[in-house]
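Enquirer: Have a look at this prediction, sequence included:
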There are 2 protein chains.
Amino acid sequence: LICRPIRMKTITVNLKERSYRIILGTGIIRFLGKYLTPLRLGDFACVVTNPLLKRRYGAVLMAALKHSGFNARFILVPDTEKSKSFEAASRLIKILAGIDRKKRVFIIAFGGGVIGDLAGFTASIYRRGIPCIQIPTTLLAQVDSAIGGKTAVDLAEGKNLAGAFYQPRLVFSDTAFLRSLPAKQIASGMAEVIKYAAVKDPQLFAYLEKNISRILTGRCSAIKAEIVHQDEREEKGIRTILNFGHTLGHAIETAGKYRGYTHGEAVALGMLIACNIGTAQGLTTRETTKRIESLIQKTGLPTKINKTIPIRDIIKSHYYDKKFQGAKNKFVLLHKIGDPLIVENIPLKTIQSALLNSGDTSLNY
Amino acid sequence: LICRPIRMKTITVNLKERSYRIILGTGIIRFLGKYLTPLRLGDFACVVTNPLLKRRYGAVLMAALKHSGFNARFILVPDTEKSKSFEAASRLIKILAGIDRKKRVFIIAFGGGVIGDLAGFTASIYRRGIPCIQIPTTLLAQVDSAIGGKTAVDLAEGKNLAGAFYQPRLVFSDTAFLRSLPAKQIASGMAEVIKYAAVKDPQLFAYLEKNISRILTGRCSAIKAEIVHQDEREEKGIRTILNFGHTLGHAIETAGKYRGYTHGEAVALGMLIACNIGTAQGLTTRETTKRIESLIQKTGLPTKINKTIPIRDIIKSHYYDKKFQGAKNKFVLLHKIGDPLIVENIPLKTIQSALLNSGDTSLNY
């Protein structure tokens, strides 16, 4: 019997009757049941995950659930952006409907951003809402997508076009899952870490510059929890600043049909293009841009659009983004690190030339 | 120029920051714009409706919108329960995405329960929620489905299996629309009127018994508004009483593949079966059942299941109902008119024999 102290950190997302906790720690998955039981979620857990995660961690997760008296089964979805669709949600609902004639069912989203979005959206609409637990397994999901209740599926017209604000009942982030993550996925998550630092935390940014290799899940989770508390539905311009890098990031993902760049890579590119736009508007200094570019580079994320995605497709896709409505685009730009502002109606020409600046010479228009 | 006084009644659904008004009156549609403008909904109205309603009232509605400075277009959906599907929602979203790259768009649901549900659900998920206005045109929708924010689409497994609680910004009930309603649809709505009276308002019930031909939209809207205020998400057992007749009503609809009975007809049958179950449980007196049966009969609604829907299909469908979860069914039964109670775990045998009692001899098991 090996006894070693496990350090756990708890962050509360404060949303009155919909408040919930984020539990953070390394190697904590076996304590999951202890946190689930008091939530009175139901007796049957549908664990939405992908085949790799099931193979790797399925037994541990199942043991933790069974140990606390839950019944459970896995529902496997392929780990591609294509799983974020009405078809996939519809398939999940059919399975749920088959189970809960006997048991009171709840959902565990066990995976990265795609699984969290699909499972969260399905939980929000099935029987007009059943409980959802987020157990994020990627850095991206742990620092960002699992927190805050934004759930969605994609349409051909744009990313996340159908979705809901639907808060999970618990976010359980075991950083041990990150150990087996491929470098590309760690890098993808780091784009969101850099984003938090750039819009909210100059100290963290300075720390990252020196010490990029350490992962700071806790600090980012705390920033997100506070911002979601202040502006859950993105109505006050507070949560909006977390879209830094996402206006064109999403457009790059959509234009690449979700096969070109990972979300993190697209956000990294989006942040740099936003810096370029900021410079053109006389807001962002070259020094700020340089610091962000250099930090992105250190993480192994791209700083230039070097895949063959036509700029006209990116421009077209950005019209369909949720941040673009009523003929007004909306960008989060930076005064300086930790000091963002929201700017509407950036002229098309400015966007085009910022995109051109961000592209390799191979880029075709 | 004809001047005649228009009487309008306003009922408020009190839900803090999501409060909204129900405007009731006859011939009030031309005043719609006056109520829309202060809500700051956007500049482009997508009016979801069916071809018949567009032909009959399209010009009047469009004039009212244009007069107040709104742009608008119609989106036509067939008026069958099949329009309540992911496919139909997906098609609406594609159209919305095409429009709102130029304009800030909102939805007007102009029709009966199917259109209200489809349009409301689509409004709830598109960009995680855009404003929705309900202009119900049937009695069923005016007294019930347009109020309270329950929106959904159907799956083959069951009615309303995917949905959201998403409140409209305004309910605008012009009772002039009811004049051209076929008798069958008026009857369908009367089932809900009888339901309100049976669970909440003995005085209204007595009034209906004497005076069934008059339609009492206002009183039912007020009951619903108050109940939604008290228990929006059906968490306190208060809104649940409005499911009187719906547990088996939905199952009858689903088992008939939405082609057997209208919603109102199925609810009428469901109320009588619930009375039979109540009698078997020693709760409902034969006199109460008799009063309800006789009132249903007066409206032209069925009191016996006389279409060939096998009882085993109804039983099977009732397992998939949202009111059936974790191996427990849930019924609203009546002590007496105005005095309902919620009962769980009714034995299968009791349900079967209540169904048999409610069927014509032609009924096959």
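Expert: Sure, I can see it.
Enquirer: Any figure for the gap between the residue nearest the centre of chain A and A:Thr37?
Expert: Relative to the mean C-alpha position of chain A, the nearest C-alpha, by C-alpha atoms, centre = their mean, is the one of A:Ser145, at 2.7 Å. From A:Ser145 across to A:Thr37, the span is 26 Å (C-beta to C-beta, to the nearest Å). For the C-beta atoms, the positions are set from N, CA and C on the backbone; glycine is no exception.
Enquirer: hmm, back to that, so who does the residue nearest to the centre of chain A touch?
Expert: A:Ser145 makes contacts with A:112-113, A:116-117, A:136, as judged by C-beta atoms under 8 Å, 6 or more residues apart in numbering or on different chains.
Enquirer: what ranges do the strands span in the stretch 251-365 of chain A?
Expert: A:330-336, A:339-344 (DSSP state E, counting those that start in this stretch).
Enquirer: Around the one residue in the stretch 51-200 of chain A that gets nearest to chain B, count how many other residues there are.
Expert: Proximity of the stretch 51-200 of chain A to chain B (C-beta to the nearest C-beta) peaks at A:Arg104, 3.1 Å away. Neighbourhood size, A:Arg104 [other C-beta atoms under 10 Å in any protein chain shown]: 17.
Enquirer: For it, what are phi and psi?
Expert: The phi and psi values for A:Arg104, taken as degrees, to the nearest 10, are phi -80, psi 120.
Enquirer: And the pLDDT for it?
Expert: For A:Arg104, the model assigns a pLDDT of 89.
Enquirer: wait, it sits on A:Cys46?
Expert: No - using C-beta atoms under 8 Å as the test, A:Arg104 is too far from A:Cys46 to be in contact (11.4 Å).
Enquirer: Next, count neighbours for A:Gly260.
Expert: A:Gly260, neighbours per other C-beta under 10 Å, totals 17.
Enquirer: ok, now A:Thr37?
Expert: Residues near A:Thr37, counting by other C-beta under 10 Å, number 12.
Enquirer: do A:Ser358 as well
Expert: Using other C-beta under 10 Å, A:Ser358 has 24 neighbouring residues.
Enquirer: can you tell me which residues contact the nearest residue to it once chain neighbours are set aside?
Expert: Nearest residue to A:Ser358, sequence neighbours excluded (C-beta to C-beta, 6 or more residues apart in numbering or on different chains): A:Ile273, at 4.9 Å. Taking C-beta under 8 Å, 6+ apart, we find A:Ile273 in contact with A:248, A:351, A:354-355, A:357-358.
Enquirer: let's see 7 Å
Expert: A:248, A:354-355, A:358 (C-beta atoms under 7 Å, 6 or more residues apart in numbering or on different chains).
Enquirer: Am I right that A:Ser188 is in contact with A:Leu140?
Expert: Yes - in this structure A:Ser188 lies within contact range of A:Leu140 using C-beta atoms under 7 Å: 5.4 Å.
Enquirer: overlap in contacts of the two?
Expert: With C-beta under 7 Å, 6+ apart, A:Ser188 and A:Leu140 have common neighbours A:263-264.
Enquirer: Do a quick rundown of the strands in the stretch 51-200 of chain A.
Expert: Going by DSSP E, counting those that start in this stretch, the stretch 51-200 of chain A shows strands at A:71-76, A:105-111, A:132-136, A:150-155, A:158-165, A:170-174.
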